[in-house]
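> Structure for this input, please:
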Amino acid sequence: MAITSPEKNWVKTKLGNVAEDIRILVEPTETEKYPYIGLQHIEQQSLRLNEIGASTDTISTKKVFQKGDILFGSLRPYFRKVVRPGFDGVCSTDITVIRAKEDTDTIFLYYFIANQEFIDHATNISTGTRMPRANWKVLCESEWFFPPLSTQRKIAAILSAYDDLIESNLRRIKILEEMAQALYREWFVHFRFPSHEKVRFVDSPLGKIPEGWEAMTVGDLLVKFKRRKRIKMQDYLAEGPIPVVDQGKEDIGGYTSDIIALHKEPLPVIVFGDHTRVLKYIDFPFASGADGTQLLVSNSSRMPMPLFYYSLKSIDQKDYAYARHFKWLKEEQIVVPEKKTSELFSEKAGLLRGLISKLHKTNAVLMRTRDLLLPKLISGELDVLELDITIPKDI
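Residues are numbered from 1 along each chain as shown. Now for the predicted structure:
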């Protein structure tokens, strides 16, 4: 197995000559707490962590990794779960810890592992029907063309620039989300909304609330509408005209070309993960994932969608493991203000949500562009030899 059409100065070599599998096993105790990464913490396709666990989350043997090591999800490798953490920690034994050998750039190797051609090869050599697993001993015998170290670093710098922009936008999204949630808490938890000094408070099932407001269950606020066809995870495309939104943490889980599944109205909708308890505010046409994806729309003019979204996010939901959480969510009560206050909040929160939406769309474009460039750069189809690229010190 080898990447085709390499440049003249690229060298054909076994993967095991440029990368090694690090197998340092530990049995963490309850008193030893380390950052932990399981397969559930790595997003499919996006090359990002969705969260970081703790070594005490599960009692099992774990692998040790160092900052900068490449973590490759060897169980069901077609999910393309590949990350390069910026910290030391431990990970699941379903993850292969890969470290670059001398004269191999770590970041280039990371993108090489994330390249779809490598993922496809890892999938093809996997063993097991229900839970296919890629074997490193087999993978390291496969042959590929690798460029000189200077070229590796140029390629790494180009692709890293996209991921740096994505991370910067994600930090901005986090700040905007925190601003909107802080505004919600100020108005609807602490009741310091405009002109609150003039309002009389009355009893309710949720405690004292402003007169004219009421406590209602989530279920009583939901619009009932006919659902479109749902897309199963195994039918997701890496790219396509219709984004698929499911219960995963990323806004977009994959793509489809099935027009029958397209949800165009009502919009926006709130997507709730029946198993994951993830909430997403979706304001673009999409197809719904099949497993555990609930679509929520408010039926009240006193509960506009931005307010409904942050009201739902304020609910402290219990974790019933891999159970259906939607039935419990519908029984939760939230405060419904009078119309003037709800509209004013939704106007302010809506501006923040508009900025968040633009940043999400920008990141989607950046990810698609990165993933279009990645195979062309890794294969040598795009020649970087003559490009004057400044290599960052950490590359």
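
> So what does residue 122 look like in phi/psi?
phi -60, psi -40 (degrees, to the nearest 10).

> who touches it in this structure?
72, 74, 77, 134, 139 (Cβ atoms under 8 Å, 6 or more residues apart in numbering). Every C-beta, even on glycine, is put in place using the N, C-alpha and C of the backbone.

> Would you mind giving the domain segments of this protein?
Following automatic domain parsing, the chain resolves into domains at 11-146, 176-341.

> any idea how far residue 334 is from the residue nearest the centre of the chain?
The residue lying closest to the centre of the chain (Cα atoms, centre = their mean) is residue 250, at 3.4 Å. Distance check for residue 250 against residue 334: by Cβ to Cβ, to the nearest Å, it reads 26 Å.

> wait, residue 307 sits on residue 342?
Yes. Between residue 307 and residue 342 a contact is recorded at 5.3 Å, counting by Cβ atoms under 8 Å.

> Residue 286: neighbouring residues, count only.
28 (other Cβ atoms under 10 Å).

> before we move on, what about the one 10 residues further on?
Around residue 296 there are 20 other residues, counting by other Cβ under 10 Å.

> Now the closest residue to it other than its chain neighbours: which helix or strand?
The shortest distance from residue 296 to any non-neighbouring residue, by Cβ to Cβ, 6 or more residues apart in numbering, is to residue 270 (4.2 Å). Using DSSP states H and E, residue 270 maps to strand 269-273.

> packing partners for that strand?
Packing contacts for strand 269-273, counted by 3 or more Cβ pairs under 8 Å, 6 or more residues apart in numbering; DSSP states H and E, involve strand 279-282, strand 293-296, helix 305-313.

> With distance to residue 170 and mean pLDDT added, can I get the ones you listed in JSON lines?
Converted to JSON lines, the helices and strands packed on strand 269-273 look like this (distance: least, Cβ to Cβ, whole Å; pLDDT from 0 to 100):
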{"stretch": "strand 279-282", "distance to residue 170": "15", "mean pLDDT": "94"}
{"stretch": "strand 293-296", "distance to residue 170": "23", "mean pLDDT": "93"}
{"stretch": "helix 305-313", "distance to residue 170": "18", "mean pLDDT": "96"}
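
> just to revisit the earlier point, quick one: contacts for the residue nearest to the centre of the chain?
Counting by Cβ under 8 Å, 6+ apart, residue 250 has contacts 43, 44, 46, 48, 50.

> Count residues in the vicinity of the third one, would you?
Neighbour count of residue 46, defined by other Cβ under 10 Å: 24.

> ok, now residue 383?
Neighbours around residue 383, by other Cβ under 10 Å: 12.

> hang on, the earlier thing: dump the domains of the chain to a markdown table, plus distance to residue 363.
Output for those, formatted as a markdown table (distance: least, Cβ to Cβ, whole Å):
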| stretch | distance to residue 363 |
| --- | --- |
| domain 11-146 | 9 |
| domain 176-341 | 9 |
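
> and of those domains, who's closest to residue 154?
With Cβ to Cβ as the measure, domain 11-146 is the member of these nearest residue 154 (9.0 Å).

> Averaged pLDDT, that closest one. What do you get?
Confidence for domain 11-146, expressed as mean pLDDT, is 94.

> just how off-centre is that domain within its chain?
Domain 11-146 sits 17 Å away from the centroid of its parent chain (Cα atoms, centre = their mean, to the nearest Å).

> How far does that domain stretch from one end to the other?
Distance across domain 11-146, first residue to last, is 5 Å (Cα to Cα, to the nearest Å).

> Now do the contacts for residue 163.
Residue 163 neighbours (Cβ under 8 Å, 6+ apart): 47, 370.

> Distance from the chain centre to the host helix or strand of it, please.
Using DSSP H and E, residue 163 sits within helix 149-188. When distances are taken as Cα atoms, centre = their mean, helix 149-188 is centred 12 Å away from the chain's centroid.

> buried ones in that helix?
151-160, 162-163, 166, 169, 173, 176-177, 180, 183-184, 187-188 (16 or more other Cβ atoms under 10 Å).

> What's the first helix or strand after it?
In N-to-C order, the element after helix 149-188 by DSSP H and E is strand 201-202.

> avg pLDDT for that next one?
Averaging pLDDT residue by residue across strand 201-202 gives 95.

> Give the partner strands of the helix or strand just after that strand in its sheet and their orientations.
Next in sequence after strand 201-202, counting helices and strands by DSSP H and E, comes strand 209-210. Strand pairing for strand 209-210, using DSSP bridges, gives strand 201-202 (antiparallel).

> Just give me how far the partner strand sits from the chain centre.
On Cα atoms, centre = their mean, the centre of strand 201-202 falls 42 Å from the chain's centre.

> likewise stretch 382-389?
For stretch 382-389, the distance to the chain centre is 32 Å (Cα atoms, centre = their mean).
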